[in-house]
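[1] Need a 3D model of the sequence below.
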Amino acid sequence: MGERIIQVVPDLKSLAVAAAERIIEMSDDAKGRHESFSIALSGGNTPKTLFELLATDEYSERIDWNHWEIYWGDERCVPPNDPESNFGMAARALLDHVPIPPQNIHRMKGELDPQKAAIEYGQLLKEKFGDGGMNLILLGMGDDGHTASLFPHTEALKETKHRCVANFVPKMNVWRITMSAPFINRAQEVIEMVAGASKAARLEEVLHGPPKPDDFPVQMIDPVDGQMIWLLDAAAAGMLE
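    Below is the predicted model of the structure:
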């Protein structure tokens, strides 16, 4: 499997800066190879801080937005203008403020029937990446050890061939659309951003405890040929050796 790197920074702002710098480095590498830069965004508060930073002139002007291709790791089953929408959050925090061509933004259609939306997105990923994967996938980890919308003890954890699936989450009684673990693991790099003391005990179990991927689906993420960066703030890393 790929390489695992654990990087600890003081606080959420430092975490956003570290992620932004790595993203720009990878974007520049792709541009240097005359290739587009494919990135999957994540929902949640930690990525929101990162997106707001990337939207500032200081960062935005360092990026050639024309060669970015933006995807999402997962989506809630709501319309794009709903406050809960991962796409909507990214649009408000970042996409509405930078000159990215609209045709380079590939959202999951949360307003459709979940199965239909997942099939449509899976076909898009197949068309764009074939048997390969993306440059970079941004993820977060929930207090329960879920990542993307791969929740403990849900059907999506058994997925082996589809790139994107609809996943019912019984404890919340909701459907989600999510990239599958096998597709995420084809990425050149995965950055797992984790912030806050509420994550510390779970993170210690995930990183140093026995493999229990049904309980902690984030343990399923291990890029085959790429690297996995655990980008943590000091509060989240508080219980690690």
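[2] And the helix ranked longest in the chain, how far out from the chain middle?
    As far as residue count goes, and with DSSP state H defining each element, the longest helix of the chain is helix 12-32. Per Cα atoms, centre = their mean, to the nearest Å, the displacement of helix 12-32 from the mean C-alpha position of its chain is 14 Å.
[3] Send me that helix as PDB with only the CA atoms.
    What follows is helix 12-32 as a C-alpha-only set of coordinates in PDB (Å, rounded to 0.1, in the frame of the first residue of the first chain):
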ATOM      1  CA  LEU A  12      -7.300  25.100  12.600                       C
ATOM      2  CA  LYS A  13      -5.900  28.100  10.800                       C
ATOM      3  CA  SER A  14      -2.400  26.400  10.500                       C
ATOM      4  CA  LEU A  15      -4.200  23.300   9.300                       C
ATOM      5  CA  ALA A  16      -5.900  25.300   6.500                       C
ATOM      6  CA  VAL A  17      -2.600  26.900   5.500                       C
ATOM      7  CA  ALA A  18      -0.800  23.500   5.400                       C
ATOM      8  CA  ALA A  19      -3.500  22.000   3.300                       C
ATOM      9  CA  ALA A  20      -3.600  25.000   0.900                       C
ATOM     10  CA  GLU A  21       0.100  24.900   0.400                       C
ATOM     11  CA  ARG A  22       0.100  21.200  -0.400                       C
ATOM     12  CA  ILE A  23      -2.900  21.700  -2.800                       C
ATOM     13  CA  ILE A  24      -1.100  24.500  -4.700                       C
ATOM     14  CA  GLU A  25       2.100  22.400  -4.900                       C
ATOM     15  CA  MET A  26       0.100  19.500  -6.400                       C
ATOM     16  CA  SER A  27      -1.800  21.900  -8.700                       C
ATOM     17  CA  ASP A  28       1.500  23.300 -10.000                       C
ATOM     18  CA  ASP A  29       3.000  19.800 -10.500                       C
ATOM     19  CA  ALA A  30       0.000  18.900 -12.700                       C
ATOM     20  CA  LYS A  31       0.300  22.200 -14.600                       C
ATOM     21  CA  GLY A  32       4.000  21.500 -15.200                       C
END
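[4] now what about that helix, what contacts it?
    Contacts to helix 12-32, defined as Cβ atoms under 8 Å, 6 or more residues apart in numbering, come from residues 7, 9, 36-37, 39, 46, 49-50, 52-54, 59, 62-64, 67-68, 135-136, 138, 188-189, 191, 193, 195-196, 229, 231-233. Quick note: C-beta positions are derived from backbone N, CA and C, even for glycine.
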